[in-house]
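Asks: please work out how this folds:
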Amino acid sequence: MLTVAARRRLGLLIGVCCSLVLLFALYRRPLMSVEDVGAHALGITGLHEPQSVDGFSYAYTQGDAGIRFPQVGVANFAVDLRMGGPQGSLPVTAQIVTPLQTLGMGTVERIRSYHLLLPATQHGNLDFQLQSETRMVASDPRTLGLLLDWVRLRSIGATLPPVWGILSVPGLWLLLWLMLHPFGGALVSIVKITLAWRLALWMAGAAGLWFSRSLYSVGKAMTHHGRIAERDEFVWNTFAGAWIQWDAVHYQTIALNGYSFAGERYPNIAFFPLYPLLIRFILPLTRGNLTLAPLIVSQLAFLVGLVMLSDLLKRDFSASVAQRTLVLLLLFPTSLFFAAAYTESLAFALVVAVLWALRRQNWWLAGAAGFFLALTRLPGVMMTPVLLVAYAQHCEWQWRKVGPSLLATLLPAWGLACFMLFQWRSFDTPLAFLIAQQSWENRLSPPWVMPLVLLRAVSVGAEWPMAVFQAATWMSFVGLMFVGLRHLPLVYGLTAVLMLAPAYLSNFPWSLPRHVLIGVPAFISMAVIAEEAWARRIIFGLFGSLLVIAVVLFVNSFWVA
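Replies: Numbering: from 1, shown residues only. Below is the predicted model:
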């Protein structure tokens with residue numbers, strides 16, 4: 001008779017095997033994908049704005065267009081290009097450049113179809129450059145390359161899953177096992193709370209989008225980057241489109257086309273790689289939809305983080321503290337970023353995972369979570385001192401008790417080192433991400449710079465309402481850090497300080513209200529303070545009201561940070 005643990009392991013093994021079989025079966029199916037270039041096709045860069053004449057839609061290249069079909073599988077593919085020279089009559093020479101070869105196409109003139117046979121990479125991506133001469137056409141100020149109508153992709157022969165797909169299946173099942181088994185029935189209640197919170201955000205967002213025109217003057221008086229949202233795609237924007245703002249666009253670009261640095265006004269190397277990598281991994285599951293993929297990553301990561309946080313706090317504190325902490329997190333005015341295409345949800349889940357593993361003295365799991373956290377956000381590297389302190393406490397501060405697991409405490413630093421090595425290889429400097437921050441007007445500054453900037457903004461700035469909120473956030477979390485150091489276990493208090501330190505050592509206050517979201521122990525301090533019912537009612541009411549306002553501002557791009 002198998003034990004419960006043995007049945008779980010057997011079920012996990014069967015799930016992994018079945019998933020691998022299903023993955024191979026899915027990629028064995030013939031693939032057909034058509035990108036209509038005139039309809040803003042995904043995966044094509046280096047184009048002028050699409051045009052349409054008598055129902056015929058197309059776009060001109062700028063002379064060097066990049067075409068990408070991500071995660072199509074490892075195989076040979078037939079690629080059909082319907083294109084011609086400028087105006088469908090002017091001749092230009094063209095060539096196809098792939099990572100392995102360059103194919104000359106001669107002179108392209110009249111619009112017709114071209115047929116190619118190209119191999120995908122071992123990672124399952126099909127990438128090539130469409131290069132050509134450019135022409136100037138009368139009455140058109142642009143330099144025009146090829147006229148591109150559509151691109152069609154067909155798989156030839158057997159297709160294998162990309163390497164990441166084979167490796168990720170066991171990880172997905174392990175994640176499912178962690179969610180279902182160690183936490184018991186808590187998962188159902190947390191899912192219900194999270195769905196209710198998400199529904200409330202959708203409703204607030206829908207109201208903000210519907211009344212966008214009348215709210216415009218108010219929003220512009222409070223913040224910047226405001227716009228009027230039209231009602232043409234109201235449903236899509238309510239549930240998906242409006243949750244892709246500002247930084248989210250850069251994560252989409254990285255997931256699709258990789259990093260940029262030299263010669264860019266806003267180099268996207270300033271953003272860390274794990275989140276866009278996960279977006280790219282699940283793109284096939286969303287049929288290449290670059291809006292849904294990041295939102296799915298954010299929602300799943302946040303749910304996993306909430307489940308682990310609830311289990312952690314029930315063990316270390318009490319069920320009431322766990323419940324209050326979760327509610328405070330969900331109601332906090334900038335919790336909307338957990339629902340948007342930002343890294344907050346993934347970073348939050350990984351911070352919780354580090355603490356969850358530390359409290360169980362699982363050093364390698366804690367180190368691995370810290371490693372991935374350092375690949376998600378810069379504060380992740382600050383988990384190294386947290387791990388070292390926790391390990392020293394475990395060893396009772398005696399060197400003779402130190403073992404090989406000490407190496408696990410260095411994994412967060414190794415995560416940042418890996419990203420720096422990538423930059424060194426790609427851009428000839430390991431500090432490209434810090435250099436790029438200067439373009440974003442975000443610099444490392446002494447701790448007194450932020451309050452001075454906020455004081456100036458409150459007193460003389462036109463956007464003083466937002467400055468007041470930023471200043472209140474700054475002061476509140478300073479107090480919560482002190483409460484955490486005084487009343488919480490040392491690992492919790494130290495985590496709060498180190499996760500918040502980069503945000504407090506910046507000169508850019510606009511991102512502060514969302515950056516505090518990964519200072520998870522600060523919310524635990526808040527839950528401890530809000531033990532009295534009257535205090536909870538005041539905090540919940542205030543937070544809930546501000547959250548609705550923040551969502552309305554966010555979906556209309558009045559406030560993006």
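Asks: what helix or strand is R142 on?
Replies: strand 140-144 (DSSP states H and E).
Asks: same deal with Q62?
Replies: Judged by DSSP H and E, Q62 forms part of strand 56-69.
Asks: distance between that strand and the chain's centre?
Replies: Chain-centre distance of strand 56-69: 27 Å, with Cα atoms, centre = their mean, to the nearest Å.
Asks: just want the angle from that strand to strand 140-144.
Replies: 40 degrees (axes from the mean of the first three to the mean of the last three Cα atoms, to 10 degrees).
Asks: sorry, back to before: helices or strands up against whichever helix or strand comes after the strand holding R142?
Replies: On the C-terminal side of strand 140-144, the closest following helix or strand by DSSP H and E is strand 147-160. In terms of contacts (3 or more Cβ pairs under 8 Å, 6 or more residues apart in numbering; DSSP states H and E), strand 147-160 is packed against helix 4-28, strand 32-36, strand 44-47, strand 56-69, strand 74-84. (C-beta placed from N, C-alpha, C; glycine too.)
Asks: how about a cut-off of 10 Å?
Replies: When contacts are defined as 3 or more Cβ pairs under 10 Å, 6 or more residues apart in numbering; DSSP states H and E, strand 147-160 sits against helix 4-28, strand 32-36, strand 44-47, strand 56-69, strand 74-84, strand 112-119, strand 126-132.
Asks: before we move on, the earlier item: partners of the strand holding R142, with directions?
Replies: strand 135-137 (antiparallel) (DSSP bridges).
Asks: mind listing what's buried along the strand it pairs with?
Replies: R135 (16 or more other Cβ atoms under 10 Å).
Asks: which residues sit against it?
Replies: With Cβ atoms under 10 Å, 6 or more residues apart in numbering as the test, strand 135-137 has contacts from 60, 63, 85-87, 90-92, 142-145.
Asks: buried among those? Need that as a selection in PyMOL.
Replies: In PyMOL syntax, the buried subset of those is picked out as below (16+ other Cβ under 10 Å):
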select buried, resi 60+63+85+86+90+92+144+145
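Asks: mind picking the two most distant members of the contacts of strand 135-137?
Replies: P91 and R142 (18.0 Å; Cβ to Cβ).
Asks: dump stretch 305-313 to CSV, restricted to CA.
Replies: The C-alpha trace of stretch 305-313 is given here as CSV (Å, rounded to 0.1, in the frame of the first residue of the first chain):
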residue,chain,number,x,y,z
GLY,A,305,2.6,34.6,-3.8
LEU,A,306,-0.6,35.1,-1.8
VAL,A,307,-1.0,31.4,-1.1
MET,A,308,2.6,31.1,0.1
LEU,A,309,2.3,34.3,2.2
SER,A,310,-0.9,33.0,3.9
ASP,A,311,0.8,29.7,4.8
LEU,A,312,3.9,31.5,6.0
LEU,A,313,2.0,34.0,8.3
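Asks: next, the contact list for the spatially closest residue to V453 that is not a sequence neighbour, please.
Replies: Closest residue in space to V453, ignoring its immediate chain neighbours: P509 at 5.7 Å, by Cβ to Cβ, 6 or more residues apart in numbering. Counting by Cβ under 10 Å, 6+ apart, P509 touches 449-451, 453-454, 457, 466-467, 469-471, 473-474, 503, 561.
Asks: and which of these is nearest P333?
Replies: Looking across these and measuring by Cβ to Cβ, the closest to P333 is F469, at 7.4 Å.
Asks: pretty sure that closest one is in contact with P333, am I right?
Replies: Yes - assessed by Cβ atoms under 10 Å, F469 is found in contact with P333 at 7.4 Å.
Asks: overlap in contacts of these two?
Replies: 513, 546, 549-550.
Asks: tell me which two in these are the farthest apart.
Replies: Taking Cβ to Cβ, no two of those sit farther apart than P513 and I549, at 12.3 Å.
Asks: between the two, who's got more neighbours?
Replies: For the pair P513 and I549, the greater number of neighbours falls to P513 (24 against 18), based on other Cβ atoms under 10 Å.
Asks: how about the secondary structure of the more buried one?
Replies: With DSSP: H, G, I helix; E, B strand; the rest coil as the basis, P513 sits in helix.
Asks: give the buried residues for stretch 45-64.
Replies: In stretch 45-64, counting by 16+ other Cβ under 10 Å, buried: 46-48, 50, 58-63.
Asks: tell me the mean pLDDT for stretch 55-70?
Replies: Mean pLDDT, computed over stretch 55-70, is 84.
Asks: off-centre distance for that stretch?
Replies: 26 Å.
Asks: am I right that A94 sits in a strand?
Replies: Yes - with three-state DSSP as the criterion, A94 is assigned to a strand.
Asks: for L330, see how far away it is.
Replies: 54 Å (Cβ to Cβ, to the nearest Å).
Asks: tell me where the model's unsure across the stretch 151-300 of the chain.
Replies: Along the stretch 151-300 of the chain, segments meeting pLDDT under 70 span 162-186, 224-225, 231-232.
Asks: quick one: the helices in it?
Replies: Applying DSSP state H, counting those that start in this stretch to the stretch 151-300 of the chain gives helices spanning 163-180, 186-210, 212-222, 234-239, 247-257, 274-282, 292-316.
Asks: now the second one: buried residues?
Replies: Using 16+ other Cβ under 10 Å as the burial criterion, the residues of helix 186-210 that qualify are 186-187, 190, 193-194, 197-198, 200-202, 204-209.
Asks: with the fourth one instead?
Replies: For helix 234-239, the neighbour count (16+ other Cβ under 10 Å) marks 234, 237-239 as buried.
Asks: okay, those in TSV with distance to S132 next?
Replies: Shown next, in TSV, are the buried residues of helix 234-239 (distance: Cβ to Cβ, whole Å):
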residue	distance to S132
F234	40
N237	36
T238	41
F239	40
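Asks: closest one to K314 out of those residues, please.
Replies: Of the buried residues of helix 234-239, the one sitting nearest to K314 (Cβ to Cβ) turns out to be F239, at 32.6 Å.
Asks: the closest one reaches W202, doesn't it?
Replies: Yes - between F239 and W202 there is a contact at 6.2 Å, judged by Cβ under 10 Å.
Asks: any idea which of the helices and strands packed on strand 147-160 scores lowest on pLDDT?
Replies: helix 4-28 (a mean of 64).
Asks: domain-wise, how is this protein divided?
Replies: Per automatic domain parsing, the structural domains of the chain span 32-159, 187-555.
Asks: most tightly packed of those domains?
Replies: domain 187-555 (a mean of 19; mean count of other Cβ atoms under 10 Å).
Asks: run the chain-centre distance for that one.
Replies: Remark: domain 187-555 is offset 10 Å from the chain centroid, using Cα atoms, centre = their mean.
Asks: could you work out the end-to-end span of that domain for me?
Replies: 29 Å (Cα to Cα, to the nearest Å).
Asks: which residues of the stretch 401-550 of the chain score low on pLDDT?
Replies: 461-462.
Asks: quick one: the helices in it?
Replies: Going by DSSP H, counting those that start in this stretch, the stretch 401-550 of the chain shows helices at 411-427, 432-437, 449-460, 464-487, 490-504, 512-515, 520-529, 533-555.
Asks: correct me, but T98 touches N125?
Replies: No - counting by Cβ under 10 Å, T98 stays clear of N125, with 11.1 Å between them.
Asks: thinking again about what came up before, most widely separated two among the buried residues of stretch 45-64?
Replies: P50 and G63 (16.9 Å).
Asks: a markdown table for the helices of the stretch 151-300 of the chain, including distance to V108?
Replies: Shown next, in a markdown table, are those (distance: least, Cβ to Cβ, whole Å):
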| stretch | distance to V108 |
| --- | --- |
| helix 163-180 | 35 |
| helix 186-210 | 44 |
| helix 212-222 | 44 |
| helix 234-239 | 37 |
| helix 247-257 | 24 |
| helix 274-282 | 31 |
| helix 292-316 | 34 |
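Asks: what's the closest of those to L421?
Replies: Here helix 274-282 is closest among the helices of the stretch 151-300 of the chain (Cβ to Cβ), at 15.2 Å.
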